[in-house]
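In: any chance you can model this:
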Amino acid sequence: MDYLLETPRLLLREFNEMDGNAMYLLNADPDVIKYTGDPPFESPHEAQQFLIDYPDYKKHGFGRWAVVEKESDQFVGWCGLKRHEDGMVDVGFRFYKEQWGKGYATESAKEVLNYGFTSLDLAEIIGRAARENVASIRVLEKLGFTYWKKAPCHGIEDAHYYKLLHPKS
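Out: Predicted structure coming up:
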C-alpha cells in the first residue's frame, strides 16, 4: 500500500474500493455525520461505488485521504483537502466515534496542511464547521485557523468558516 503522508501514529493514503465497508460504517453513525450535511450511504456497495468514482485525485491531484492507525493497521477515518467549484480549498476530517478524543483529527490535519502549503503551494486553506460542532472548531483553532465568516454550507445554515494563510504570506 502506498502512503502519501505519515504522522507519528497515522498513515494517510488514497481511498480504494476496499474501503467501501469502512466508509459505509463511518457514515452510518448519526453522531459522526450530525454536523456534515451528508446523508449516510444506503449500503456498503454504494460507499464502494462512491470511492471508485471519487474524482478528486485525478482532477486536482489531491483529495480526502484514508487515515490508517499505524499500530493496528486499521482504517480509523479520513482527512484531506478538497478543492471546490469556486476554487476554495478546505481541510476536512471525519473519524469513527471510538477514535474521538485521541487527537487524530489534529494530528492528521496538521500533516495535511503542511502538504497543502509546501507541496501544493496553496496560498490559503479554509476550514468549515457547523456552529454547534465545538470539537471540530477546537481542532481548527488548535491548527491556527482564524474565524473568517458565517455562511451556509451543504444545507447547514450557520456554518462557521475559518481561514489559514500560507506561513510565508
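
In: the closest residue to V68 other than its chain neighbours: neighbour count?
Out: In this structure, V68 finds its nearest non-sequential neighbour in L11, 4.6 Å apart by C-beta to C-beta, 6 or more residues apart in numbering. (Glycine included, C-beta is placed from N, CA and C.) Other residues near L11 come to 19 when the count uses other C-beta atoms under 10 Å.

In: could we number from 54 for the rest of this?
Out: Sure, I'll start counting at 54 from here, so that last one is L64.

In: quick one: residues contacting L64.
Out: Shown in contact with L64 (C-beta atoms under 8 Å, 6 or more residues apart in numbering): 56, 58, 120-121, 123.

In: can I get the particular helix or strand that has K163 in it as CSV, trimmed to CA atoms?
Out: Element membership of K163, judged by DSSP states H and E, is helix 157-171. The C-alpha trace of helix 157-171 is given here as CSV (Å, rounded to 0.1, in the frame of the first residue of the first chain):
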residue,chain,number,x,y,z
TYR,A,157,-6.2,12.0,15.4
ALA,A,158,-8.1,14.9,13.7
THR,A,159,-5.5,17.4,14.8
GLU,A,160,-2.5,15.1,14.1
SER,A,161,-3.6,14.2,10.6
ALA,A,162,-4.9,17.7,9.6
LYS,A,163,-1.6,19.2,10.7
GLU,A,164,0.3,17.0,8.2
VAL,A,165,-2.4,17.6,5.5
LEU,A,166,-2.0,21.4,6.0
ASN,A,167,1.8,21.1,5.7
TYR,A,168,1.4,19.2,2.5
GLY,A,169,-1.1,21.7,1.1
PHE,A,170,1.3,24.6,1.8
THR,A,171,4.6,23.0,1.0
